[in-house]
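Student: One predicted model, sequence on top.
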Amino acid sequence: MTNTNFQNAINKYLKSHGYEKVNLKAVLFDMDGVLFDSMKNHAVAWHEAMKHYGMSLSKEEAYMHEGRTGAATINIVSTRERHYEATAEEIEEIYETKSKIFNNLPTAEPMPGAFELLNQVKTSGLTPVLVTGSGQKSLLERLNHHFPNIFQEHLMVTAYDVKFGKPNPEPYLMALQKAGIKANEAIVVENAPLGVQAGVAANIFTLAVNTGPLPNEALLNEGANFLCSSMKELSDNWNDFYQCTFL
């Protein structure tokens, strides 16, 4: 990874969108698979829950659905395997089963490199914004416990805020609105194909971190502007990335 790679990615983004520069003011972070190493638990929970109801959803496929609403994920599998959509009652029951399995798994730890990166972002004078499909009511408390003094409640976009989940750009467009910034004043940090789609559709420079089992192409093919292999790699290279592209 070199400064030239960073600069080339930025230049390509600027040219394709007609921007003169990236006037970076905020970094928009996904949560599961970016800040917390939680996607493997979601994958297990989805796999086991679907199996309980006679349907098949592999752990790897679960990563491809990351960012979708639970109802949408259930209906994709139901339509494929049963040739009809699940009823509202079935969706509620299946999702409740998935949640119980998830909650009984070991609590996910912060992603290695995440706190270091968040501190560098703050030190750079940038605003961290959370953009997650999660609807956990204790979200802010959990974030403050693991990442103290980083996130502010009014700068969080959760499942309660949006009508459409990723890959619709609405979550990231709402993040821009909440932060009072334009698309070329932010970057997105995402680990999921659907999240990358959402960031790209919002015209924001989208930096993918491949923290799961999917091939790099699964993220690059959705339009990721740059790819890192881990949050630690991004953290270790943040200063070069910031200085060579945004100053």
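Tutor: Sure thing, it's come through. Just so it is clear, the structure is predicted and the values come from calculations on it, not from any experiment. Numbering: from 1, shown residues only.
Student: what's the nearest residue to Ala108 if we skip its chain neighbours?
Tutor: Leaving aside its chain neighbours, Ala108 sits nearest to Ser38 (3.5 Å; criterion: Cβ to Cβ, 6 or more residues apart in numbering). C-beta coordinates here come from the backbone N, C-alpha and C atoms, glycine included.
Student: Would you state the helices of the protein in chain order?
Tutor: For the chain, applying DSSP state H gives helices covering 3-17, 39-52, 59-64, 70-82, 88-103, 114-123, 139-146, 170-179, 193-201, 216-220, 231-236, 238-246.
Student: Quick one: neighbours of the residue nearest to Ala108, just the number.
Tutor: By other Cβ atoms under 10 Å, the residues close to Ser38 number 20.
Student: likewise Leu126?
Tutor: For Leu126, using other Cβ under 10 Å, the count is 18.
Student: Spell out for me which residue occupies the centre of this protein.
Tutor: Using Cα atoms, centre = their mean, the residue of the chain that lies closest to the mean C-alpha position is Asp30, 3.2 Å off.
Student: Kindly confirm whether my reading is correct that Ile94 touches Ala86.
Tutor: Yes. Between Ile94 and Ala86 there is a contact under Cβ atoms under 8 Å: 6.8 Å.
Student: Report the set of residues contacting both of those two.
Tutor: Residues touching both Ile94 and Ala86 by Cβ atoms under 8 Å, 6 or more residues apart in numbering: Ile74.
Student: which of these two has more neighbours?
Tutor: Set Ile94 next to Ala86 and count neighbours by other Cβ under 10 Å: Ile94 wins out with 23 against 20.
Student: Report pLDDT for that one.
Tutor: Listed pLDDT for Ile94 reads 96.
Student: now swap in Arg142 and tell me
Tutor: 84.
Student: So that it lines up with my notes, have the first residue be 19 from now on.
Tutor: From this message on, residue numbering opens at 19, which makes the last subject Arg160.
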